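Asks: Need coordinates for the following:
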Amino acid sequence: MSENGRQEFFKKVSQDTGENLAGVNKIFYRTKPQDLGAAKMFYDKTHAAGKLPPEYAAHVASFATAEDVEAMIKFHDHADADLTNGWLTHFLLGISEKNVGTRIKIFDAVVKTNGDFPSYAAMRNLFSHTENLLKFDKEPHADMKQTKQDIELVKEYIAPEELLNLGIDTEKISKLNKTVRPFIEPVAVSDSARADFFKGFVNNEYAIKTGDFEALVPAILAGIPEFANVIGRRQHETHDHTVDVHTFKVLQECLNNPDYQKLSQPNKTILKIAVLLHDMTKEEGVVDKDHPITGALQARDLLKDFKISQGMKDKIIEHVRNHHWLADYNTYKIRAQEVAAMFRTPQDYLMAKIFAEADLKSVNDYFYEKYGGALSPERQQPIVDAMQKVQNTGIILPTTPIVKGGYRVIDFTKINKDDDMGEYGFVNGTRKEDTRFLVHFLPEEKTEELLDTNVKLSDVTTRGVLSTSLLTAYHRVPAGNRHFGLVVDAGNENISDAYPYFIGSGYEKSFKTFVELLNDQRQKSGTHRFVSDNIIKALEEKYNMFNYRELYEQLLPKKYISQIDEVKVGEKTISKDDLKKALVSAQEALCKENTPNEVVVYNPKIKAIACKTNSADEVPEYITNFAKQHNLPVLLIGNY
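Replies: Purely as a prediction, here's the structure:
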């Protein structure tokens with residue numbers, strides 16, 4: 001849309017709503033220039049057609065994108081007869097080209113069952129729970145308790161015959177859900193037994209390489225007694241070995257692979273434990289397609305008390321969940337871009353290839369010969385290309401670590417800009433003006449409801465994805481003028497997008513959203529490279545023609561600005577000070593005045609509560625209780 005077109009559109013909205021032009025600009029602050037045409041189309045086809053009051057139409061239009069506007073109009077026109085204007089606008093905000101057909105069917109089923117519609121919150125939940133059941137066949141048993149909740153909620157609002165018309169057989173799903181072998185409750189293990197596990201198994205590479213499995217078993221059972229349940233467990237007839245023998249052979253193949261020596265020491269540990277756990281929930285004597293998912297859930301529970309970092313635990317769990325990636329890739333169930341998103345770093349991809357080759361070789365005498373071609377350089381090249389494309393524009397966004405946990409109130413409004421934040425639980429030497437946080441602000445009307453929901457996203461088995469905003473000492477603009485949010489931590493490899501404006505990532509993000517954003521596959525392309533472009537811009541004059549991908553790979557582990565040191569890229573050494581300045585410059589470019597930025601992260605870890613208040617008295621009791629329950633500090637950032 002041209003500038004003249006934009007001005008005419010805003011004048012029309014101003015006349016219709018009674019808002020001045022400044023107010024109209026505020027309504028459309030989130031709308032990108034390329035989406036203004038879509039916003040006008042929605043406004044014209046709803047308000048101008050006499051279907052929506054101007055204030056409702058303008059509000060929803062500000063969320064419209066070129067990709068989804070026709071879907072929003074389609075849902076609006078379909079549901080208009082059944083919904084009052086206020087309710088209808090809420091439902092439209094979650095509509096996209098991908099889900100409009102399904103959501104129309106769900107909406108119709110609810111109306112046919114009830115002759116009416118439930119509350120907005122219930123309807124949003126209904127969409128989510130019903131869509132979970134519709135995709136049950138593709139990814140069953142991801143969370144048995146969640147599936148049960150899905151069934152209970154949809155049966156409350158949708159009649160059995162209408163569910164069948166949607167293609168949902170709740171009785172069949174319930175039966176399938178019960179066939180999953182219950183997870184073995186983790187057995188309490190002493191610290192000395194855990195030490196024996198690491199000494200006798202993890203660090204006993206000689207026994208693993210030489211196939212001295214009997215020497216490994218006592219140490220394994222000391223640390224993971226539950227492994228006893230797979231000893232002698234028969235597999236499907238394709239396999240020559242029981243689960244335990246197959247597991248040991250996979251371990252042996254991994255460690256005898258020359259590429260194993262290219263792994264860092266922590267990643268060697270990750271690979272060994274992931275291999276040990278990968279088939280522990282496999283059903284006996286059958287082809288168990290669900291065991292990667294159930295195995296990941298059990299791995300999460302078994303690793304809970306292990307004295308290793310949460311980052312290492314998450315990597316183990318992900319490698320268990322994704323250990324059938326090669327079969328899915330070879331049968332075109334997933335594309336190269338999704339594999340690149342599953343593993344994200346060069347070391348994780350190398351681990352995945354070592355694991356997959358060893359797994360194939362340990363099935364029977366002919367399995368690798370038949371299917372090993374999927375690991376050939378030619379078949380893997382699309383994955384290599386996808387990973388290099390991501391790394392060529394990879395996002396490095398170091399934040400400020402909160403190194404001391406526990407509930408306490410930190411009042412930023414009373415801290416001077418040059419004060420040392422060490423006494424407040426931050427790294428010694430950090431100044432207030434240097435603080436950087438990623439915060440997911442919650443809608444005012446749903447803050448209490450969403451606190452517990454978002455905590456679950458820290459569990460890597462949920463594959464949680466969140467939109468956050470980067471906040472600094474001078475830029476604290478939350479989305480939608482919200483007041484309370486979650487301060488989250490995320491590794492650089494888990495950031496798929498960072499842009500000065502909202503990118504339209506959607507309300508109900510999934511791992512698929514993360515894949516699309518990481519690979520820059522959305523219609524609004526180019527947002528993934530914003531940070532890398534600004535880092536290059538800050539460095540190119542002094543360090544002309546350096547390899548950004550090489551820089552990115554070296555900075556990947558640096559989650560915090562305090563970890564930054566000089567880096568050698570090719571023949572050039574980029575100084576610590578220049579690198580910090582470049583990273584800060586890129587962050588400042590994200591922080592436009594009076595505009596919330598959007599940073600999309602995968603598997604966010606909650607570290608604190610952020611409150612846009614000037615005193616602890618303004619913090620609701622339920623937020624204080626939540627912070628105490630989860631041992632989180634509360635940051636008062638000021639109501640400005």
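Asks: got the residue ranges for the strands in the stretch 451-600 of the chain?
Replies: 465-472, 484-489, 495-499, 567-569, 572-574, 598-602 (DSSP state E, counting those that start in this stretch).
Asks: would CSV of those strands with distance to Y329, mean pLDDT and mean neighbour count be doable?
Replies: Backbone N, C-alpha and C define where each C-beta goes, glycine included. Formatted as CSV, these follow (distance: least, Cβ to Cβ, whole Å; pLDDT from 0 to 100; neighbours: other Cβ atoms under 10 Å):
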stretch, distance to Y329, mean pLDDT, mean neighbour count
strand 465-472, 22, 91, 23
strand 484-489, 30, 93, 25
strand 495-499, 20, 93, 25
strand 567-569, 31, 92, 16
strand 572-574, 36, 91, 15
strand 598-602, 20, 94, 25
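Asks: Make CSV from these and add distance to N99 to it.
Replies: Listed next are these as CSV, based on distance: least, Cβ to Cβ, whole Å:
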stretch, distance to N99
strand 465-472, 16
strand 484-489, 26
strand 495-499, 20
strand 567-569, 43
strand 572-574, 45
strand 598-602, 18
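Asks: Can you say which of the ones you listed is nearest to D617?
Replies: Among these, the nearest to D617 by Cβ to Cβ is strand 484-489 (14.4 Å).
Asks: Tell me what angle that closest one forms with strand 465-472.
Replies: 90 degrees (axes from the mean of the first three to the mean of the last three Cα atoms, to 10 degrees).
Asks: the inter-axis angle of strand 484-489 versus strand 598-602?
Replies: 60 degrees.
Asks: residues making contact with strand 484-489?
Replies: Applying Cβ atoms under 8 Å, 6 or more residues apart in numbering, the external contacts of strand 484-489 come out as 399, 401-402, 437-442, 447, 451, 454, 466, 468, 478, 559, 601, 604-612, 619-620, 623, 635.
Asks: Could you rerun that using 6 Å?
Replies: With contact meaning Cβ atoms under 6 Å, 6 or more residues apart in numbering, strand 484-489 is reached by 437-442, 447, 454, 468, 604-608, 610-611, 623.
Asks: any idea how far L450 lies from D489?
Replies: Distance of L450 to D489, given as Cβ to Cβ, to the nearest Å: 19 Å.
Asks: which element follows the host helix or strand of G295 toward the C-terminus?
Replies: G295 belongs to helix 291-302 when assigned by DSSP states H and E. Counting by DSSP H and E, the next helix or strand C-terminal to helix 291-302 is helix 310-321.
Asks: got the CA positions of that next one in CSV?
Replies: The C-alpha trace of helix 310-321 is given here as CSV (Å, rounded to 0.1, in the frame of the first residue of the first chain):
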residue,chain,number,x,y,z
GLN,A,310,19.4,-29.1,32.5
GLY,A,311,20.8,-28.3,29.1
MET,A,312,22.4,-31.7,28.9
LYS,A,313,19.2,-33.4,30.1
ASP,A,314,17.2,-31.7,27.4
LYS,A,315,19.6,-32.8,24.7
ILE,A,316,19.4,-36.4,25.9
ILE,A,317,15.6,-36.2,25.9
GLU,A,318,15.5,-34.7,22.4
HIS,A,319,17.9,-37.3,21.0
VAL,A,320,15.7,-40.1,22.5
ARG,A,321,12.6,-38.5,21.0
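Asks: and that helix with helix 291-302, angle?
Replies: Using the same axes, to 10 degrees, helix 310-321 lies at 150 degrees relative to helix 291-302.
Asks: Distance from the chain centre to the helix or strand just after helix 310-321, please.
Replies: Using DSSP H and E, the helix or strand that directly follows helix 310-321 along the chain is helix 325-330. Mean-position distance between helix 325-330 and its chain equals 22 Å (Cα atoms, centre = their mean, to the nearest Å).
Asks: Give me the three-state assignment for E131.
Replies: helix (DSSP: H, G, I helix; E, B strand; the rest coil).
Asks: and it, how many neighbours?
Replies: By the criterion of other Cβ atoms under 10 Å, E131 has 16 neighbours.
Asks: Is A608 in a helix, a strand, or coil?
Replies: Classified using three-state DSSP, A608 is strand.
Asks: got the contact list for it?
Replies: So A608 contacts I402, V487, L632, P633, L635 (Cβ under 6 Å, 6+ apart).
Asks: How many neighbouring residues does the first one have?
Replies: What it means is I402. 21.
Asks: so it sits right up against K607, yeah?
Replies: Yes - between I402 and K607 there is a contact under Cβ atoms under 6 Å: 5.0 Å.
Asks: picking that back up, tell me which of the strands of the stretch 451-600 of the chain lies nearest to D259.
Replies: Here strand 567-569 is closest among the strands of the stretch 451-600 of the chain (Cβ to Cβ), at 24.0 Å.
Asks: ok but V439 is inside a helix, no?
Replies: No - according to three-state DSSP, V439 belongs to no helix; its state is strand.
Asks: which residues touch it?
Replies: Contacts of V439 (Cβ under 6 Å, 6+ apart): T468, S469, L471, G485, V487, A610.
Asks: residues of stretch 400-419 that come out buried?
Replies: T400, P401, I402, Y407, R408, I410, D411, F412, I415 (16 or more other Cβ atoms under 10 Å).
Asks: Helix or strand: which one has the fourth one?
Replies: Here Y407 is covered by no helix or strand, with elements defined by DSSP H and E.
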